[in-house]
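Chemist: no FASTA, just this:
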């Protein structure tokens, strides 16, 4: 059953990916309840994340099931078994756990997206360094940032920043709590031969950093916060449902009069408290920023907001 499903989706996704020139894409996403995987292809390498579930299998039977599932993936994709990286994805309420190491191979590789290069690490972290669901959003930013001052908040490994620089941004400011990911963002700039003179990389708490920045300092802001965070590096906790009005109002304050804020969240139960947000216009762009490999499966929501005059 699993193999048949993989054959079907692989034939469809591979064709769509080739047509769009995409080499990294989601193949399978919890299609069958008996096989709760999210399977992503990264140019011949595969990340197969098993979602936590309750099952009645013994330890031996579970290991057999996992081995057979892996064999199905290798057979359908015609790749060596060592190119399939299995991970377990649990319900996570803490950003620090999501980005913590699960291995120490330091085995990085380079993938290409829309002509840009990115370092990924497919084995050492739960996530690889490149979120595939934001591929259309990144391209949208690239097309809108010519000669503009860009701010990328909760930047992770800086993929939005790379796109912005490639799109001719006058300057790009990249902010993330983790020194590891700020260094990774710098590496991605180096990988694409981008100079650092006009760009800055800041390892710090976004919530604490924003109030100290002068109003009107940026023309376009990307804000993709975690659903929840209680990192020791920040003051208090962050909950995107509870705290997004204050966060977005700070972002809108930093925009020029004609500026644009792109806000995204993967909180499945998120509701935008638009009545508490100082904006003249909110546009839901979730549909426009959903790639072929996430249609009908995307849990992320995405909005464009403009500041009040």
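Modeler: Good, I have the coordinates. Remember, it's a predicted structure, so these values are computed and weren't measured experimentally.
Chemist: any idea how far the longest strand along the chain is from the chain center?
Modeler: Taking DSSP state E as the criterion, the chain has its longest strand at strand 255-265. Centroid displacement of strand 255-265 relative to its chain, using Cα atoms, centre = their mean, to the nearest Å, is 18 Å.
Chemist: now swap in stretch 115-134 and tell me
Modeler: A distance of 8 Å separates the C-alpha centroid of stretch 115-134 from that of its chain, computed with Cα atoms, centre = their mean.
Chemist: next one: stretch 169-185
Modeler: For stretch 169-185, the distance between its averaged C-alpha position and the chain's averaged C-alpha position is 14 Å (Cα atoms, centre = their mean).
Chemist: contacting residues for residue 272?
Modeler: Under the criterion of Cβ atoms under 8 Å, 6 or more residues apart in numbering, the neighbours of residue 272 are 244, 282, 301, 303. For the C-beta atoms, the positions are set from N, CA and C on the backbone; glycine is no exception.
Chemist: Could you break this protein into its assigned domains?
Modeler: Taking automatic domain parsing as the reference, the chain has its domains at 2-91, 108-307.
Chemist: could these be laid out in a markdown table, adding mean pLDDT?
Modeler: Compiled in a markdown table, those are given as follows (pLDDT from 0 to 100):
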| stretch | mean pLDDT |
| --- | --- |
| domain 2-91 | 94 |
| domain 108-307 | 96 |
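Chemist: Give me whichever of those domains is most buried.
Modeler: Comparing the domains of the chain by mean neighbour count (mean count of other Cβ atoms under 10 Å), domain 108-307 ranks first with a mean of 18.
Chemist: end to end, how far does that one reach?
Modeler: For domain 108-307, the separation between the terminal residues is 40 Å (Cα to Cα, to the nearest Å).
Chemist: and it, how far out from the chain's middle?
Modeler: Chain-centre distance of domain 108-307: 9 Å, with Cα atoms, centre = their mean.
Chemist: thinking again about what came up before, how about residues contacting the longest strand of the chain?
Modeler: Strand 255-265 is touched from outside by 134, 137, 140-141, 144, 149, 216, 218-225, 227, 240, 244, 248, 251-252, 279, 285, 300-307, 309, with contacts defined as Cβ under 8 Å, 6+ apart.
Chemist: same thing but at 6 Å, please
Modeler: Residues outside strand 255-265 that contact it (Cβ atoms under 6 Å, 6 or more residues apart in numbering): 216, 218-224, 240, 251-252, 300-305, 307.
Chemist: what's the answer for stretch 109-128, then?
Modeler: Outside stretch 109-128, the residues that reach it (Cβ under 6 Å, 6+ apart) are 24, 42-43, 45, 47, 85, 87, 98, 101, 103, 105, 107-108, 129-130, 139, 162, 166, 187-188, 191-192.
Chemist: could you redo the last one with a cut-off of 7 Å?
Modeler: By Cβ atoms under 7 Å, 6 or more residues apart in numbering, the surrounding residues in contact with stretch 109-128 are 23-24, 42-43, 45, 47, 85, 87, 89, 98-99, 101-108, 129-130, 135, 139, 159, 162-163, 166, 184, 187-188, 191-192.
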